[in-house]
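> Model the following, please.
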Amino acid sequence: MIRVACILLITAALALAQGNPENGKRVFMKQMCYRCHGTDGQGGAGPRLAPKPISTEALIKYVRNPTGQMPPYTNQVTDAALADIRAYLATIPAPPPVKDIPLLNQ
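Predicted coordinates:
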């Protein structure tokens, strides 16, 4: 019985750590994170979140108790939803280097 409980806890922890990127995008838009962080996490009024997001644990900690101008989100979004948001941000590819954009090299 204890072994089964441990396996379930480990499975839940792995699911939380990995997250669901499709749901993460939905939650990111629904919670209006894009208003400060851009639709692709590129930043704007808020800092850049992608393409290399911080760890799930760091994201959860910051969202719950931010040190900057961001308001704390204590009850608006679950840890699992934040893991999903992090998974979504991790799917966003890096932009091309400036040297590879012809218009910027004229």
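> Check whether the residue lying closest to Ala50 once chain neighbours are set aside sits in a helix, strand or coil.
Spatial nearest neighbour of Ala50, excluding adjacent residues (CB to CB, 6 or more residues apart in numbering): Gly41 at 3.2 Å. Glycine gets a C-beta too; all of them are placed from N, C-alpha and C. Three-state call for Gly41 (DSSP: H, G, I helix; E, B strand; the rest coil): coil.
> So which residue is dead centre in this structure?
Arg86 (2.5 Å; CA atoms, centre = their mean).
> which residues touch the residue nearest to Ala50?
Contact analysis of Gly41 by CB atoms under 8 Å, 6 or more residues apart in numbering lists Phe28, Arg48, Leu49, Ala50, Pro51, Pro53, Leu89, Ile92.
> From the residues you listed, which land in helices?
Judged by DSSP state H, the contacts of Gly41 include Phe28, Leu89 as members of helices.
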